[in-house]
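A.B. asks: Show me how the following folds:
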Amino acid sequence: MGYNILLYGATGYSGRLIAAEGKVMNMSGAHGGEKYQMILAARDLKNLREVSKKYSMPFRCFGLGNPVQLKQQIEDIHVVINAAGPFAFTAERLAKAALEVGCHYVDINGELDVYRKLDDLARAAAQRKIAIVSGAGHIAASSDSLLDVALHELKTKKRVKDGEVLGAVRVAMSSLGDFSRGSAQTIARSLREEVIVIRSKPFEGKSVEKMVIWHEPFGKLERMFDFGRFPLDDSRSQATCHGIGSAVNLIDTLTARLTVSRHCLSSRTIESYLQMGAAGRVALQVGSTFASLGSLPLVRGMTKMALASMPDGPSAESLAQERNAVVLEIEDLYCTRLIDWRWEIPNVYQHTAQLVVAVSRGIASGDKIGWVTPSDVLSLNLGDFERPEGALRNTKLEKRVA
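C.D. replies: You can find the predicted model right below:
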């Protein structure tokens with residue numbers, strides 16, 4: 001059986017990378033008979049034709065404003081990938097249309113409010129036997145996959161057991177170099193709220209505790225992480241990457257809660273961090289303090305102008321050379337470190353393309369339904385981190401405590 005996978009937002013920065021990855025994974029249909037066929041979609045016909053020609057993929061040009069037309073365009077699609085940000089304007093429309101026609105939905109969203117809105121569709125998705133996977137790229141899919149494998153290892157080695165309470169789960173991302181206009185918009189939106197973390201609280205006055213969403217002010221939670229060493233080039237020595245991480249609004253926090261629960265465990269705290277220098281941490285606190293001013297017409301106009309002047313994404317050189325690191329720390333209730341893993345990955349945008357294509361293929365041919373995290377679809381094991389091909393190619397896992 002063949003599967004049609006539609007990529008909406010194919011003309012954007014991330015969309016083009018996903019299309020390129022689709023071609024690498026033999027989804028172009030150029031030779032015929034491929035199990036997975038990627039179909040490109042966007043509103044801009046001129047750019048869409050260009051991308052279609054480059055990657056030898058069919059295309060469909062349509063917007064999201066007409067619900068009837070939207071459903072017609074995805075009636076024969078098995079999985080729709082949403083790479084069109086800002087996701088506040090696209091995710092709910094595409095996900096609801098997918099629900100109505102019985103099509104799986106996958107996106108690379110990194111916006112917390114959007115993630116929680118889509119979560120409200122989980123019951124309807126399960127009833128219709130389709131899957132919704134939000135955050136199947138960027139940092140969330142990486143950290144979720146790493147956490148899933150780490151928890152499996154801990155249970156296999158009998159270091160934790162079903163029903164046990166962990167002390168802390170922390171995810172940290174090394175500092176990013178160049179980032180896209182869409183990522184900048186996501187960061188700006190996240191400053192309007194306090195940082196979301198997970199805390200265990202007594203459930204309905206009982207002694208049993210439940211992991212709940214909690215809020216902390218920007219700048220309150222900072223920790224030192226060992227991000228390891230990155231090779232720069234042949235003529236320079238390696239640079240060490242010990243640095244301070246500041247807690248930020250990443251959907252990794254929410255995917256981690258789901259993955260911890262899926263392993264029949266709970267945790268007293270779950271937090272997500274991003275490495276920042278002193279200037280970045282100050283800017284984060286100042287930005288969050290004055291985020292409420294963003295609704296003023298003058299400030300909103302200036303913000304739009306600043307965002308419009310940004311590049312679509314990292315340069316080709318940065319994409320090829322930049323490396324990022326995802327750090328995972330897991331502690332028990334006595335603050336003993338059970339896991340300290342560092343996963344070196346390619347540039348986060350390239351890694352996004354690799355992961356979201358793998359997730360969409362897994363959803364298309366799998367049996368997952370309802371609200372699903374990326375790791376539940378990928379079902380990775382330690383051996384997958386050593387393979388030179390596939391979604392995890394060009395990565396390196398370092399287990400400093402395991």
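A.B. asks: which parts of the strand or helix carrying residue 152 are buried?
C.D. replies: Residue 152 belongs to helix 138-156 when elements are defined using DSSP states H and E. Applying a neighbour-count criterion of 16 or more other C-beta atoms under 10 Å, the buried positions in helix 138-156 are 138-155. All C-beta atoms are positioned from the backbone trio N, CA, C, and that covers glycine.
A.B. asks: Stretch 3-15 now?
C.D. replies: Buried, per 16+ other C-beta under 10 Å, within stretch 3-15: 3-15.
A.B. asks: tell me the mean pLDDT for that stretch?
C.D. replies: Over the span of stretch 3-15, the pLDDT mean works out to 97.
A.B. asks: show me what contacts residue 215?
C.D. replies: Under the criterion of C-beta atoms under 8 Å, 6 or more residues apart in numbering, the contact partners of residue 215 comprise 193-197.
A.B. asks: Any of those residues buried? List them.
C.D. replies: Neighbour-count burial (16+ other C-beta under 10 Å) applied to the contacts of residue 215 gives 195-197.
A.B. asks: In JSON lines, list those residues along with distance to residue 253 and pLDDT.
C.D. replies: Formatted as JSON lines, the entries for the buried ones among the contacts of residue 215 read as follows, by distance: C-beta to C-beta, whole Å; pLDDT from 0 to 100:
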{"residue": "195", "distance to residue 253": "9", "pLDDT": "92"}
{"residue": "196", "distance to residue 253": "6", "pLDDT": "94"}
{"residue": "197", "distance to residue 253": "6", "pLDDT": "96"}
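A.B. asks: Residue 70: which of those is nearest?
C.D. replies: Out of the buried ones among the contacts of residue 215, the one with the shortest distance to residue 70 is residue 196. That distance is 30.8 Å, counting by C-beta to C-beta.
A.B. asks: What is the neighbour count of the nearest residue to residue 386 once chain neighbours are set aside?
C.D. replies: On the basis of C-beta to C-beta, 6 or more residues apart in numbering, the spatially nearest residue to residue 386 that is not a chain neighbour turns out to be residue 397, at 8.0 Å. Residue neighbour count, defined by other C-beta atoms under 10 Å, stands at 18 for residue 397.
A.B. asks: list the buried ones in the helix or strand hosting residue 397?
C.D. replies: For residue 397, the element it lies in under DSSP H and E is strand 396-401. By neighbour count on 16+ other C-beta under 10 Å, the buried set for strand 396-401 is residue 397.
A.B. asks: Tell me how this structure divides into domains.
C.D. replies: The record's domain parsing of the chain by automatic domain parsing lists 3-107, 139-347+386-401.
A.B. asks: closest one to residue 129 among those?
C.D. replies: Smallest distance to residue 129 across these (C-beta to C-beta): 7.8 Å, for domain 3-107.
A.B. asks: Okay, and which of the contacts of residue 215 map to strands?
C.D. replies: In this view, the contacts of residue 215 that belong to strands under DSSP state E are 195-197.
A.B. asks: ok, so of those residues, who is nearest residue 67?
C.D. replies: So of the ones in strands among the contacts of residue 215, ranked by how close each gets to residue 67 (C-beta to C-beta), first place is residue 196, at 31.1 Å.
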